[in-house]
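Student: Provided below are the primary sequence and the corresponding predicted coordinates.
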There are 4 protein chains.
Amino acid sequence: MRLDLNGDLGESYGSWQMGGDEALLDLLSSANLACGFHAGDPATMRRTVGWAAARGVAIGAHPSLPDLQGFGRREMAVTPEEVYEFVLYQIGALAAFVRGAGARMAHVKPHGALYNQAARDPGLAEAVAQAVKAFDPSLILVGLAASELVRAGEEAGLRVAREVFADRAYTPEGRLVPRGRPGAVLQDEEAALAQVRDLVRDGRVRAQDGSWIPMTAETLCLHGDHPRALAFARRIRDLLGSEGIEVLAPGAP
Amino acid sequence: MRLDLNGDLGESYGSWQMGGDEALLDLLSSANLACGFHAGDPATMRRTVGWAAARGVAIGAHPSLPDLQGFGRREMAVTPEEVYEFVLYQIGALAAFVRGAGARMAHVKPHGALYNQAARDPGLAEAVAQAVKAFDPSLILVGLAASELVRAGEEAGLRVAREVFADRAYTPEGRLVPRGRPGAVLQDEEAALAQVRDLVRDGRVRAQDGSWIPMTAETLCLHGDHPRALAFARRIRDLLGSEGIEVLAPGAP
Amino acid sequence: MRLDLNGDLGESYGSWQMGGDEALLDLLSSANLACGFHAGDPATMRRTVGWAAARGVAIGAHPSLPDLQGFGRREMAVTPEEVYEFVLYQIGALAAFVRGAGARMAHVKPHGALYNQAARDPGLAEAVAQAVKAFDPSLILVGLAASELVRAGEEAGLRVAREVFADRAYTPEGRLVPRGRPGAVLQDEEAALAQVRDLVRDGRVRAQDGSWIPMTAETLCLHGDHPRALAFARRIRDLLGSEGIEVLAPGAP
Amino acid sequence: MRLDLNGDLGESYGSWQMGGDEALLDLLSSANLACGFHAGDPATMRRTVGWAAARGVAIGAHPSLPDLQGFGRREMAVTPEEVYEFVLYQIGALAAFVRGAGARMAHVKPHGALYNQAARDPGLAEAVAQAVKAFDPSLILVGLAASELVRAGEEAGLRVAREVFADRAYTPEGRLVPRGRPGAVLQDEEAALAQVRDLVRDGRVRAQDGSWIPMTAETLCLHGDHPRALAFARRIRDLLGSEGIEVLAPGAP
C-alpha cells in the first residue's frame, strides 16, 4: 500500500513570498511547481526546482490559465487550442529548469481554475492530456479522481494519478465543493484526518450531504499556504505510517 | 562559401499581428522565434514553429527581457542570474512547441536590448551562454560579430554564429550604431546591398565614419517588419547567388 | 432626429498597431478609448486622446477585463467587486490623459467580454454602473440596447446611451449573436446598411431567424479594424444624412 | 517644527500580501500607494485608499516603471515621454479610487528605480514634474532631498517635499548609497535613530565616509516590510515627540 503526498510549490513571484516551500518539501513525495502564468517567476522556478531536486522529491509542472492577478483561480472562457498551448508552453519552461538542475520531470498537474475546468469539460481535459503527451508521453498526468481529466489522460494513453484532498469537501457526485461555498474547505483538522483515514482504509469519502462516495486515489494534495500547514502535513504522514501506507511518488519504483 | 539568412519571426501577440512571417520564411535559412517575453503568445509560437518546421527552416529561440510593452527594446538593469533565468525559461517554452511539432531547435539568438547588453557586458554574455549550455550544449549561439556574447559562447564551448546586419550602420569599433541615432538604419537599399557585398567579397564593412572594419560572419539578419522586406530579402538572395554563396543554416550539413 | 456614431479606438499596444484610428475619428461623434487592460499602453492612450480632443470627438473610457493576450474577449469568472475595481481603475487612468489634454471625458463603454457579461448579469451590470457613478455621476454609460447594463445605469441614476450594431446579427431576444457562431458578423455591407435603415426608419431590426424586434438606440458602433472600415463608415454617414439624421454625441447639446 | 512621516503602502498584489499596512498607517502622516505597475492590483488600491482615508492619513500616488516581476526596482532605459505617460496613467488610476472613497489626493512620490532615475536625470525629473502638474498643479511632489526631482518640481511651480531616509546610508554628495552596496541599509536601529536626530536637531546627516552633509527635509520615509517596522516607527515618533517636532503631512494646515 502506498500513497503520494503532493503539494503546490514555487508560488512566490518576484518580491512576493508565498508558502514555506523548503520546509514543506521535506514532507512531500511530489511537488507541483508554478510555471509563471499564475505564480512562479523564473528565479522562483529555478530555486524551487533546485530544492526539490536536492531532496529527491518528484518534480511536476503546475500550469495555469494566464492570470497572475487572480492567481489562476478565475475560470476563463478558453478554447481547447488555447489550453493546449498554455500547458505546452508552461511544461517546457519548467522542464528547462529541471534539465538545468540535472533532474527529470515526473508529472503535470493543472492549477486552480484550469484544474477545475479540465475536471468537468471533456474538450479541455483532452487538450491538457494532448499537451502532456506531445511533450513527453512518459509524464504522469495528475487530476481530480473520477474527473474528465483523468479519463482524458487514460484515453490518451498516459499514466494518470488520481488526486484527493484532505481538507476539501466533496459533493455527492464526487466533485469538490467549489471554493467560496460554505464548508468548501475543512477547517477542522480532525475532520480532514478522518477524511484521509476513510479514504485509505475503506476507499471512500463522506460527501457534504453525509452520503458515502467510493474513492480511489494515488495522490493526496497538501496545502502549504496556511500557518498550520507543516504541522498538519506531519499528522498526515503519521496517520499514513500508522496505517502501514508508504509515502511514494506515483512514478517511484 | 555559405551564409545563413536569419529573421526574427513570431512577433505577433494575441490579436496584434506583426510581420509577414509565412512569406518571409521562404527566403530564410534560420528563424528566431519570440518566446513570450517581448512578443509571441503561445498560439503565435505554435503556429510559427509549425510554419518553420514545414519549410525545413532552422528554428531558434529569440529570448528577451520581460518587457511586452516596450517590445524588449528597453535596456534594463538586470543581473546575470536574472538573465540566465529569463533565457532558460524562454528556451524551454519554445522547445516544447518545437518538440510538439516533431522538429528540433537549432540555435538561440537574444532579442533587442538583451542582445545589445550581452554584446557589451561580459557577465550578461556569460549568463546567456550558460543558459544555452545548460539547456542543450549542442545549440548554436547567435550573437553580434566581434561581441562579448560571441566570445562568451566560445569560452563556454558552444558553437557560435557571428551575425551581421545588412541595414544597420556600424561604429568604427564594429558595434551597431544604436537605434535612434541618425543613420542607425540604412534606409537606402543600395547601401544595404553594398554592405553585404563588401562583407561577402572582402570580409569587411564600412563604418559610419567611412573607415573599413574587418568582419567575418556566418549569418545575416533580415528584418521582416517593413513594406519592402520581402522584396529586399529577394535581392539579398540574388546577390548571394551571383556571388556563388549558398544560403544555409549554420548547423546544416 | 440624431444618432451617435461611436468607435473603439486606441487599441494599439506598444509596437503593435491596430486600426486606422486617426482617419476613422473624422467619421465618428464618439470614441471609446482602450485603457490598458485589453489594449492601449499609456503612449497610445495619450496620443489617441490628443487626436480625439483635436477633432472635438466625444471621449469615453473603454474598460476591459484584465486580459491583454486575449484582447479582453474571453469571459472570466469575476465578482462584482472586481468589476467595480477594474472599471474604476481604468476610467481614472484614461481621465488623467483627458485632463492632460485639456479635454473632458463624456462616457464609459465596457469592452468585449465585460460588455457582454454586464449585458446579461445584473450584479456585474450594477458594478459597472456604480464605478461610473463613483467617478463622475455626469458620465454617460453606453451599453447594449435592452440589456442589464442599460437597466443598471438607469437605476443608478446615470444617463445611458443604448447601443446597436450595424454589422452584428441579433437573436430574437434582442441580444447579439455571439462571435464565433455562424452569421454573427454581417459580412455583407448591404445587409448592414439595411439593418441601420430599419433601425432609424422603423425602430426595429430583423433578428437572425427573420423575426422583427423593436429597437431604440442613441448610438451605433462602427468597427475600425477591417480594410473596408472607413469606406463603410462613410456609407453609414451618407445613409444617415439622406434619412435626415444628425450625427451627434449623446452628450452634445 | 514639523516633519512628515511617509510610508510606501498598498504593495500587495492579488493573492500575495506585503507589509502590515493597516497597522503602519496609525503611525504615518502620509501614505504613498502603489498604482499597479510594480504592485497594487485594483482591489489592493481600493482597500488601502479606504484605510488611509478612514484615518485621515494624506494619500499620495506611488507610480513606478512597468515592472511587476522586478517590483519596480530595475532601472530601465526609458524616455521622458514614457515617464510622463507612466506617471500620468498611474496618478489617474489611483485618483479614481481616492475619489470613490470621497477623499482627495495630496501628493505624488515616484517608486524605486523611477525615484532613483528621476533623482539623477534632469529630463526624467522634468517628465515626472510635468505629469504631476498636468494632472493637478496643487499636488505636492515628493523627491529625494537635493535631487534633480526636487529641482524639477520647483521649476515647474509645484510644491515639493524633500525626503530623507532613517535607515539608508548617504554618499558624501548627499545621494543614497545604492541598494546592494555594503552598508546601503542601516541595519542598526540606533544608528538610524541617530541619523534622524542629527537631521532634526542640526539639519545634517553623516555620510558613509564619516563626513557631514547639510540636509533639509520635510518628510521622512519609514519602511513597512520588515519585522521590526512597527516598533521602529514608534521609536521614531517618540524621538520626534521628545524633540518637540510635530508629525504632520506636508499639505496639512
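Tutor: That came through, no problem.
Student: and stretch A:112-127, which residues are buried?
Tutor: Residues of stretch A:112-127 classed as buried: A:112-119, A:121, A:124-127 (neighbour count, 16 or more other CB atoms under 10 Å in any protein chain shown). C-beta: built from backbone N, CA, C; applies to glycine.
Student: Go ahead and name everything in contact with it.
Tutor: In this structure, residues lying in contact with stretch A:112-127 by CB atoms under 8 Å, 6 or more residues apart in numbering or on different chains are A:38, A:63-65, A:67, A:71-76, A:78, A:80-81, A:83-84, A:86-87, A:109-110, A:128, A:143-144, A:147-149, A:151-153, A:155-156, A:175-176, A:178, C:77.
Student: which SS state does A:Leu141 fall under?
Tutor: The assignment at A:Leu141 comes out as strand when based on DSSP: H, G, I helix; E, B strand; the rest coil.
Student: so what's A:Asp8 up against?
Tutor: A:19, A:32, A:34, A:62, A:111, A:221, A:223-224.
Student: Save the residues you listed as CSV, and put in neighbour count and distance to A:Pro214 too.
Tutor: Formatted as CSV, the contacts of A:Asp8 follow (neighbours: other CB atoms under 10 Å in any protein chain shown; distance: CB to CB, whole Å):
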residue, neighbour count, distance to A:Pro214
A:Gly19, 21, 32
A:Asn32, 28, 25
A:Ala34, 29, 32
A:His62, 32, 27
A:His111, 26, 27
A:Cys221, 22, 19
A:His223, 18, 24
A:Gly224, 22, 29
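Student: So A:Gly50 belongs to a strand, correct?
Tutor: No: A:Gly50: not assigned to a strand; according to three-state DSSP it is helix.
Student: re the thing from before, just the buried subset of the contacts of stretch A:112-127, please.
Tutor: Buried subset of these (neighbour count, 16+ other CB under 10 Å): A:38, A:63-65, A:67, A:71-76, A:78, A:80, A:83-84, A:86-87, A:109-110, A:128, A:143-144, A:147-149, A:151-153, A:156, A:175-176.
Student: and those, which of them are in helices?
Tutor: Counting by DSSP state H, these place A:80, A:83-84, A:86-87, A:128, A:148-149, A:151-153 in helices.
Student: What about chain C: which of these touch it?
Tutor: Checked against chain C using CB under 8 Å from any CB of the partner chain, these yield no neighbours at all.
Student: Now for these: which two are most distant?
Tutor: Farthest-apart pair in these is A:Phe86 and A:Arg151; separation 20.4 Å (CB to CB).
Student: The worst-scoring helix or strand of chain A on mean pLDDT near chain D anywhere?
Tutor: Least confident helix or strand of chain A, by mean pLDDT, DSSP states H and E, is helix A:21-25 with a mean of 88. No: counting by CB under 8 Å from any CB, chain D has no neighbours in helix A:21-25; the shortest distance is 14.0 Å.
Student: quick one: the strands in the stretch 101-250 of chain A?
Tutor: A:105-108, A:140-144, A:159-165, A:204-206, A:212-214, A:219-222, A:246-247 (DSSP state E, counting those that start in this stretch).
Student: Surely A:Ala96 and B:Leu88 touch.
Tutor: Yes: here A:Ala96 reaches B:Leu88: they are 4.7 Å apart, a contact under CB atoms under 8 Å.
Student: Give me the common contacts of those two.
Tutor: Going by CB under 8 Å, 6+ apart, residues that sit against A:Ala96 and also against B:Leu88 are B:134-135.
Student: Centre-most residue in chain A?
Tutor: By CA atoms, centre = their mean, chain A has its centre lying nearest to A:Lys109, at 5.1 Å.
Student: Please report the distance of that residue from chain D.
Tutor: 18 Å (CB to the nearest CB, to the nearest Å).
Student: For the closest residue to chain D within the stretch 51-200 of chain A, give me the pLDDT.
Tutor: In the stretch 51-200 of chain A, the residue that lies nearest chain D is A:Phe71 (4.0 Å; CB to the nearest CB). pLDDT for A:Phe71: 97.
Student: And the one 4 residues further on, by the same measure?
Tutor: Per-residue pLDDT puts A:Glu75 at 98.
Student: Also A:Arg175?
Tutor: Model confidence at A:Arg175 (pLDDT) stands at 88.
Student: and if you look at A:Pro250?
Tutor: 95.
Student: isn't it right next to A:His107, touching?
Tutor: Yes: the pair A:Pro250 / A:His107 is scored as a contact, 6.8 Å apart, by CB under 8 Å.
Student: Next, show the common contact partners of those two.
Tutor: A:30, A:58, A:140, A:142, A:161.
Student: For the fourth one, which residues are in contact?
Tutor: Under the criterion of CB under 8 Å, 6+ apart, the neighbours of A:Val142 are A:6, A:30, A:32, A:60, A:107-109, A:160-161, A:163, A:219, A:250.
Student: With the third one instead?
Tutor: With contact taken as CB under 8 Å, 6+ apart, A:Ile140 is in contact with A:60, A:106-108, A:158-161, A:250-251.
Student: And it, how close does it get to A:Val108?
Tutor: To A:Val108, A:Ile140 is 8 Å away according to CB to CB, to the nearest Å.
Student: Kindly report the same for the last one.
Tutor: When distance is defined by CB to CB, A:Ala161 is 10 Å away from A:Val108.
Student: Neighbour count for these two, which is higher?
Tutor: Using other CB atoms under 10 Å in any protein chain shown, the more surrounded residue of A:Ala161 and A:Val108 is A:Val108, with 28 against 24.
Student: Of A:Pro250 and A:His107, which one has the most company?
Tutor: A:His107 (27 against 23).
Student: Is it correct that A:Glu81 is in contact with B:Pro42?
Tutor: No: assessed by CB under 8 Å, A:Glu81 is found out of contact with B:Pro42, at 9.5 Å.
Student: returning to what we had before: can you tell me which of the shared contacts of A:Pro250 and A:His107 lies nearest to A:Ala229?
Tutor: Nearest to A:Ala229 among these: A:Ser30, at 15.9 Å, using CB to CB.
Student: quick one: A:His226 from chain C, how far?
Tutor: For A:His226, the distance to chain C (CB to the nearest CB) stands at 22 Å.
Student: swap in A:Arg175?
Tutor: A:Arg175 is 16 Å from chain C, by CB to the nearest CB.
Student: next one: A:Gln195
Tutor: From A:Gln195 to chain C the distance is 27 Å (CB to the nearest CB).
Student: picking that back up, got the contacts of A:Asp8 as CSV, with pLDDT and distance to chain D columns?
Tutor: Output for the contacts of A:Asp8, formatted as CSV (pLDDT from 0 to 100; distance: CB to the nearest CB, whole Å):
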residue, pLDDT, distance to chain D
A:Gly19, 83, 11
A:Asn32, 98, 16
A:Ala34, 98, 11
A:His62, 98, 14
A:His111, 98, 12
A:Cys221, 94, 17
A:His223, 82, 13
A:Gly224, 75, 13
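Student: mind listing the helices for the stretch 151-253 of chain A?
Tutor: For the stretch 151-253 of chain A, the helices defined by DSSP state H, counting those that start in this stretch cover A:189-202, A:229-242.
Student: To D:Ala207, which of these lies closest?
Tutor: Minimum separation from D:Ala207 across those (CB to CB) falls at helix A:229-242, 45.3 Å.
Student: Up against chain D, what does the stretch 51-200 of chain A have?
Tutor: Counting by CB under 8 Å from any CB, the stretch 51-200 of chain A sits next to chain D at A:68-71, A:73.
Student: Out of those, which is nearest to D:Ala54?
Tutor: A:Gln69 (25.0 Å).
Student: Now for that closest one: which residues touch it?
Tutor: So A:Gln69 contacts C:66, D:13-14, D:41 (CB under 8 Å, 6+ apart).
Student: Need the pLDDT of the closest residue to A:Ser147 other than its chain neighbours.
Tutor: Residue nearest to A:Ser147 in three dimensions, not counting chain neighbours: A:Ala119, with 3.7 Å by CB to CB, 6 or more residues apart in numbering or on different chains. pLDDT recorded at A:Ala119 is 96.
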